[in-house]
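Asker: compute the structure for the input listed below.
(one chain, ligands or ions: 1)
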Amino acid sequence: MKRLLVLGLIIFAGGCSGGDDDSKESEDEVQLPAVDCTKETVPTYAQVTLFQTTCTQCHSTTKTGDARKGMGAEAAPVNINYDTYMAAKESAIPAAQELYEDARGAMPPEDSRLPAATDAEKKQVLVWAKCGAPQ
Ligand code: HEC
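Answerer: Numbering: from 1, shown residues only. Here you go, the predicted model:
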């Protein structure tokens, strides 16, 4: 009985550390900067310029297949779009997480030849996403 318990614990511990070693960059691990929504000017969806200038070149509900690559090598996932309010709202926090993933920001992809988002552009997405993603 005791041996079974020990064995169970070993398997349990092994399962946990195995999960941590999975080095697929998980967006869940991106720590977004804190935002005080009472002090920020929260933009509306239409005012988030980066969506229109950059993200929708690939992430657009009207685009399929190669059109979702822009100038990049890979097509953007079909379920992530920023050209309509409803779609953008659904992927609001993931958008911020991509932008704050590292110093440059993971989006737009480096191979897309699009300029990286500026700090002001990133902040606008962050505030919008964290403060209710208003239309
Ligand atoms: C040149 C095309 C292109 C542009 C422009 C682009 N993306 Fe992407 N996006 C991709 C591709 C390809 C993937 C899938 C591969 C990856 O995750 O790196 C992706 C994935 C994503 C994901 C999912 C990430 C994940 O791991 O699940 C999000 C969220 C995202 N993009 C947001 C954005 C935002 C926000 C912008 C604008 C700042 C943007 N993208 C601009 C091509 C693009």
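Asker: got any ranges where the chain has weak pLDDT?
Answerer: Low-confidence regions of the chain, defined by pLDDT under 70, span residues 1-28.
Asker: residues from it in reach of the ligand?
Answerer: Residues of the chain lying close to the ligand by Cβ under 6 Å from any ligand atom are 27, 50, 54-55, 57-59, 69-70, 72, 74-77, 80, 91, 94-95, 98, 107-109, 112, 114, 117. Where C-beta positions appear, they are placed from N, C-alpha and C, glycine not excepted.
Asker: 5 Å - rerun?
Answerer: Contact residues (Cβ under 5 Å from any ligand atom) of the chain with the ligand: 54-55, 57-58, 70, 72, 74, 76, 80, 94-95, 98, 107-108, 112.
Asker: give me the buried entries from those.
Answerer: Neighbour counting by 16 or more other Cβ atoms under 10 Å classes 54-55, 57-58, 70, 72, 76, 80, 95, 98, 107-108, 112 among those as buried.
Asker: what about the spatially most central residue of the chain, distance to K122?
Answerer: Nearest to the geometric centre of the chain sits P94, at 2.7 Å (Cα atoms, centre = their mean). For P94, the distance to K122 equals 14 Å [Cβ to Cβ, to the nearest Å].
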